[in-house]
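In: Pasting a predicted model and its sequence here:
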Number of protein chains: 2
Amino acid sequence: MSGFLGALRERLGEPGLLVGGDLAAYENDWRKRYVGRALAVARPASTGEVATVMRLCHEHRVAVVPQGGNTGLVGGSTPDDSGRQLVLSLTRMKRIREIDVANASLTAEAGCVLADVQAAAAGAGMLFPLSLAAEGSCTLGGNLATNAGGTQVLRYGNARELCLGLEVVTATGEVWQGLSGLRKDNTGYDLRDLFIGSEGTLGIITAATMKLYPVPKEKLTALAACGKLHDTVALLGLARERAGDALTGFEVMNRASLALVARELPQLVQPLAPAEWTVLLELSDAESAEHARGVFEGLLEAAFERGAVTDAAIAQNLEQAKAFWHLRESIPLAQAQAGLNIKHDISLPVSAIPGFVAEMDTALSTYMPGIEVIDFGHLGDGNLHYNVQAPRGVAPAEFLAAHEAAINERVYDAVQRRGGSISAEHGIGRLKREELQQRKDPTALALMRSIKRALDPLDLLNPGRLV
Amino acid sequence: MSGFLGALRERLGEPGLLVGGDLAAYENDWRKRYVGRALAVARPASTGEVATVMRLCHEHRVAVVPQGGNTGLVGGSTPDDSGRQLVLSLTRMKRIREIDVANASLTAEAGCVLADVQAAAAGAGMLFPLSLAAEGSCTLGGNLATNAGGTQVLRYGNARELCLGLEVVTATGEVWQGLSGLRKDNTGYDLRDLFIGSEGTLGIITAATMKLYPVPKEKLTALAACGKLHDTVALLGLARERAGDALTGFEVMNRASLALVARELPQLVQPLAPAEWTVLLELSDAESAEHARGVFEGLLEAAFERGAVTDAAIAQNLEQAKAFWHLRESIPLAQAQAGLNIKHDISLPVSAIPGFVAEMDTALSTYMPGIEVIDFGHLGDGNLHYNVQAPRGVAPAEFLAAHEAAINERVYDAVQRRGGSISAEHGIGRLKREELQQRKDPTALALMRSIKRALDPLDLLNPGRLV
């Protein structure tokens, strides 16, 4: 390996290669679920340097683990414990290369922190809508490699839908120059979308051209109480019909999740009385605050009339709007304070969600009385975070050790029966790789494996992840 | 071959296989640019039968040309003249399998005619927005295989962006069950988008789940006259800012294209005086006709004030709105009446369009004085139909024979220099395959070839097309 590391040192210079010393920030995921040991950390500063790294890795048969902000949840961006995998950190590649306002697009390098991309767009008077909890440290490259979702998917799509073109370094160190500001281009296979969401197993994304949008004139949020999950689906249909694409957020929270917030974070004001389901709606209006308010009032009135909504509150100002969102975003924090739980990041056809939740809630309370389900998420995208907590008085760690496998099986079986997904937005990585082998369509798995072999025959790109 | 045909006959029955007789409708493209001869035409009625066909083709090493409505423009769906290729027509697979209103999705078989899919959605009170000139005969499978565009791309995207999931038969006759109503699913490589736009060279799309949208309350169109192409780009930015996603159409037409319509189709009323550029704008409003009119009036007023627009007319009723669209849609017809011309289906970053058109118009009139450019298209998507007509008095056929190659080279060179595409929405097929080899990024071509080899090692799927 010394020949390999020597060659790397020579090409990348002092700041470009970390060997020895404390590499923990690169070797372990932030939740410390995966603790690894790296051969070294390469920190190339340009696409050319990434290509050099890949050529050397290919020549010396060294496996590479691409890494951005290392904020993933599935063990996809840290090395195993063999000490033989090279971490390829993209964090020095953080240049915004171009902002094209007339074309509503922005080109940035993979290591740009998501919040910096948002800020660059805002500086040009435009909106880059990708937004998620880790935005202060996750990177654009990681967002694309994992096809990140977040809170604005309902209107703007996942990272995939926001991407126009990519620059990618292949397993052999070739550069695919696929940056593009085009909305339409039918000149061959869709390589862009193949690399997006491939979790670093097919190539290294080094830069991307992303879509920008006009900044909405006004953002308005409301909370609505619903008696049944069916009512939230009806409210969603009504909101889509009346607000069209101005509807940028539609989040649901079950009674248990807001009760948990009340217990763990009692300082947070909850504007509505507890209900079976509380919905957070967000409108992004191209016209004015008055117009947005008018749309909300008309919508909620119609929903009251149909009996879909029993109580509602429209935010009176920006501060209140933030407080509504904060309530929703505090659920994971409240969960963390309450101790370990069994997390599921699932998606279903929206129409299948009420049936799934009814069946599952019953099945789980039969399986173990007192079990608590913290159920919240992006209903508009069919994406639920369906998290299961130990009955009170049962130690969370013991509960997980004894029941996680059995509960996962029940949840994933029910998801699969309804045409759902066991990973809506977090990806597969190492965490769900075995599960995927069991549950994915066998023809799809075979196609994936043959694509992997075609693009990375030596299995050097993030081996042991995803496929 | 008789063993192969006998086996096919046995499995598909009488209506499932056409051998001999007049097969011209399957063998030639509708413009008669490609005249071929088929071994036979297989017409399977189910996914299972498609799989059977592919297994037999694989066993007997017979090449397959998948075909939908056979309305393509690039020679992608008809056999060569060897008499050894099997046409696989999907037109008997025309069942709408499911409409899920709560999930805003529809699942249909590949052979469904696009207009029938639109009608099925409308029947359920929803909108399926894909819309193009051939919608009365093109099929959903063909739309997906070629990633069709059309008139609503600005708001709803291409066929790709409208698709949630696919069912595909592979080269060896396996069925990938990838139908899905999910908006979020991060469980592996994006096979869906790999098959979409692959022009039948990687697999046979047999069914798809597509997105539906609420039907807009009101559609309103307007015409606006602009002095310069820059002004149309400014108007687009303003329209996006003020109308957000209610803006569903933004088409430009240069002076020559409307003059040609006036000459060839004098019965059509042209509401505005001739201008350098005329823009057709369409708003789809979720609220009311009054609201839409208000947005249009505010937008056009602002555009007048900035000097971007010199004249405008808002359609007063549905009939007038249709007449506005009809004017735009009559340009190709007027061109056909005027005789052959050199067609280009190009896309560019919107910001690069004015520079491209200025440079090209000058270059072409220098190349041959009197040459006429009929320039129109979907400016909002950066997609121009930049068609070149012979100077008056020069016979079109001779003009094409002598100058098509030289003019294509000039146009495509200028497109390439600005990061554009030589095929925005029509695809590659046989027509542009050589051109693509010359112009596409070499790493992209190498990646495409290795994917083709991985998924179709015997080159049985639409050989000689695209890759």
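Out: Sure, I can see it.

In: Only C-alpha atoms from now on, for both contacts and neighbour counts.
Out: OK.

In: And chain A, split by domain according to the record?
Out: A:2-89, A:96-214, A:218-332, A:339-431 (automatic domain parsing).

In: Among the ones you listed, show me which one is buried the most.
Out: Greatest average neighbour count among the domains of chain A goes to domain A:96-214 (a mean of 23), per mean count of other CA atoms under 10 Å in any protein chain shown.

In: near chain B at all, it?
Out: Yes. Contact between domain A:96-214 and chain B is present through A:100, A:102-103, A:146-147, A:149, A:158, A:161, A:174-178, A:180-191, A:193-198, A:214 (criterion: CA under 8 Å from any CA of the partner chain).

In: How far off centre is that domain?
Out: Averaging C-alpha positions (CA atoms, centre = their mean, to the nearest Å) puts domain A:96-214 14 Å from its chain's average.

In: just stretch A:31-44 next, same as before
Out: 21 Å.

In: Contacts only, for the residue in the stretch 351-467 of chain A positioned nearest to chain B.
Out: Ranking the residues of the stretch 351-467 of chain A by distance to chain B (CA to the nearest CA) places A:A424 first, at 4.3 Å. By CA atoms under 8 Å, 6 or more residues apart in numbering or on different chains, the contact set of A:A424 is A:345-347, A:383, B:184-187.

In: Could you tell me which of those residues are located in strands?
Out: Residues from the contacts of A:A424 lying in strands, with DSSP state E as the criterion: A:345-347, A:383.

In: a markdown table for these, including pLDDT and distance to chain B?
Out: Shown next, in a markdown table, are these (pLDDT from 0 to 100; distance: CA to the nearest CA, whole Å):
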| residue | pLDDT | distance to chain B |
| --- | --- | --- |
| A:D345 | 95 | 10 |
| A:I346 | 97 | 8 |
| A:S347 | 98 | 7 |
| A:N383 | 96 | 7 |
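
In: need those in TSV with distance to A:G141, can you?
Out: Listed next are the ones in strands among the contacts of A:A424 as TSV, based on distance: CA to CA, whole Å:
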residue	distance to A:G141
A:D345	21
A:I346	23
A:S347	24
A:N383	23
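
In: So the spatially most central residue of chain A: helix, strand or coil?
Out: Nearest residue to the geometric centre of chain A (CA atoms, centre = their mean): A:A148, 3.5 Å. Assigned with DSSP: H, G, I helix; E, B strand; the rest coil, A:A148 falls in the coil class.

In: need the contact list for it.
Out: A:158-160, A:425-426.

In: Show me the residues you listed that map onto helices.
Out: If you go by DSSP state H, those have A:159-160 in helices.

In: Dump whatever helix or strand A:L327 lives in to PDB, restricted to CA.
Out: Per DSSP states H and E, A:L327 falls inside helix A:318-338. Written as PDB, here are the backbone C-alpha positions of helix A:318-338 (Å, rounded to 0.1, in the frame of the first residue of the first chain):
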ATOM      1  CA  LEU A 318     -43.800  34.500  10.100                       C
ATOM      2  CA  GLU A 319     -42.900  33.800  13.700                       C
ATOM      3  CA  GLN A 320     -46.000  31.700  14.200                       C
ATOM      4  CA  ALA A 321     -45.500  30.000  10.900                       C
ATOM      5  CA  LYS A 322     -42.000  29.000  12.100                       C
ATOM      6  CA  ALA A 323     -43.400  27.800  15.400                       C
ATOM      7  CA  PHE A 324     -45.800  25.500  13.500                       C
ATOM      8  CA  TRP A 325     -43.000  24.000  11.600                       C
ATOM      9  CA  HIS A 326     -40.900  23.800  14.700                       C
ATOM     10  CA  LEU A 327     -43.500  21.600  16.300                       C
ATOM     11  CA  ARG A 328     -43.400  19.200  13.400                       C
ATOM     12  CA  GLU A 329     -39.600  19.200  13.300                       C
ATOM     13  CA  SER A 330     -39.300  18.600  17.000                       C
ATOM     14  CA  ILE A 331     -40.800  15.100  16.900                       C
ATOM     15  CA  PRO A 332     -37.400  13.400  16.100                       C
ATOM     16  CA  LEU A 333     -35.800  15.400  18.900                       C
ATOM     17  CA  ALA A 334     -38.500  14.400  21.400                       C
ATOM     18  CA  GLN A 335     -38.000  10.800  20.300                       C
ATOM     19  CA  ALA A 336     -34.300  11.000  20.800                       C
ATOM     20  CA  GLN A 337     -34.900  12.400  24.300                       C
ATOM     21  CA  ALA A 338     -37.300   9.600  25.000                       C
END
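
In: and it, how far from the chain's centre?
Out: The answer for helix A:318-338 is 18 Å, by CA atoms, centre = their mean.

In: Are there helices or strands packed against it, and which ones?
Out: strand A:218-226, helix A:255-264, strand A:277-285 (3 or more CA pairs under 8 Å, 6 or more residues apart in numbering or on different chains; DSSP states H and E).

In: redo that, cut-off 10 Å
Out: strand A:218-226, strand A:247-254, helix A:255-264, strand A:277-285, strand A:311-314, strand A:372-378, strand A:383-389 (3 or more CA pairs under 10 Å, 6 or more residues apart in numbering or on different chains; DSSP states H and E).

In: related to what we said a few turns ago, want to try CSV for the contacts of A:A148, with pLDDT as columns?
Out: Shown next, in CSV, are these (pLDDT from 0 to 100):
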residue, pLDDT
A:N158, 97
A:A159, 98
A:R160, 97
A:E425, 93
A:H426, 94
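
In: From what I see, A:V261 and A:P274 are in contact.
Out: No. A:V261 lies out of contact with A:P274 (CA atoms under 10 Å); the separation is 11.5 Å.
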